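Peer 1: just coords:
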């Protein structure tokens with residue numbers, strides 16, 4: 001990840017670090033790597049979504065481990081400098097600043113309970129469609145529901161998962177949500 005971090009301008013790297021800290025503090029559901037990657041590419045820097053995801057995972061691990069071990073800013077910076085592949089100077093400066101400003105907040109929230117190993121629901125979008133025809137059938141008129149779930153994995157990377165359902169499948173899906181809702185009301 002150190003090689004990839006060299007490519008990212010300091011302002012984008014600082015924004016990325018701050019988003020990761022916010023995620024670890026449970027203030028945002030995750031880091032929208034797709035949107036950030038597009039903005040970095042628009043600025044003229046060639047970086048792909050996979051590389052950015054690796055950077056997010058590495059930084060999330062770095063910050064959460066530092067919080068678990070209750071590292072001071074200087075201990076964290078010293079640890080970063082002793083690695084096999086050292087980070088670029090601008091990255092260490094950003095990490096130092098972000099950790100100095102917001103690191104203790106993570107330590108408190110990490111002590112309260114580690115982040116779950118499951119993802120977190122962010123958003124859901126749906127649309128109703130009708131398949132009118134295909135190359136093998138002239139008149140389908142087949143209704144379906146497309147659902148897009150936006151989730152944040154434990155490292156904070158936000159992804160979309162889309163799927164289609166027939167109307168009977170959607171009715172079953174809806175029935176299960178109603179059951180969950182009624183169980184939650186009893187809690």
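Peer 2: Thanks, I have the structure now. From a predicted model like this one, the values you see are computed outputs, not experimental measurements.

Peer 1: okay, CA-based contacts and neighbour counts for the rest of this
Peer 2: Noted.

Peer 1: residue 81: neighbouring residues, count only.
Peer 2: 15 (other C-alpha atoms under 10 Å).

Peer 1: per-domain residue ranges of this structure.
Peer 2: Annotated domains of the chain cover 1-106, 120-185 [the TED database].

Peer 1: got the contact list for the residue nearest in space to the middle of the chain?
Peer 2: Among the residues of the chain, the one closest to the centroid is residue 157, at 1.9 Å (C-alpha atoms, centre = their mean). Residues in contact with residue 157 (C-alpha atoms under 8 Å, 6 or more residues apart in numbering) are 30-33, 53, 56-57.

Peer 1: just checking, residue 91 touches residue 10?
Peer 2: Yes: at 7.0 Å, residue 91 and residue 10 qualify as touching, with contact defined as C-alpha atoms under 8 Å.

Peer 1: three-state assignment of the nearest residue to residue 25 once chain neighbours are set aside?
Peer 2: With sequence-adjacent residues excluded and distances taken as C-alpha to C-alpha, 6 or more residues apart in numbering, residue 25 is closest to residue 106, at 5.6 Å. Look at residue 106: counting by DSSP: H, G, I helix; E, B strand; the rest coil, its state is helix.

Peer 1: how about the contacts made by residue 106?
Peer 2: Counting by C-alpha under 8 Å, 6+ apart, the residues that residue 106 touches are 21, 24-25, 64, 67.
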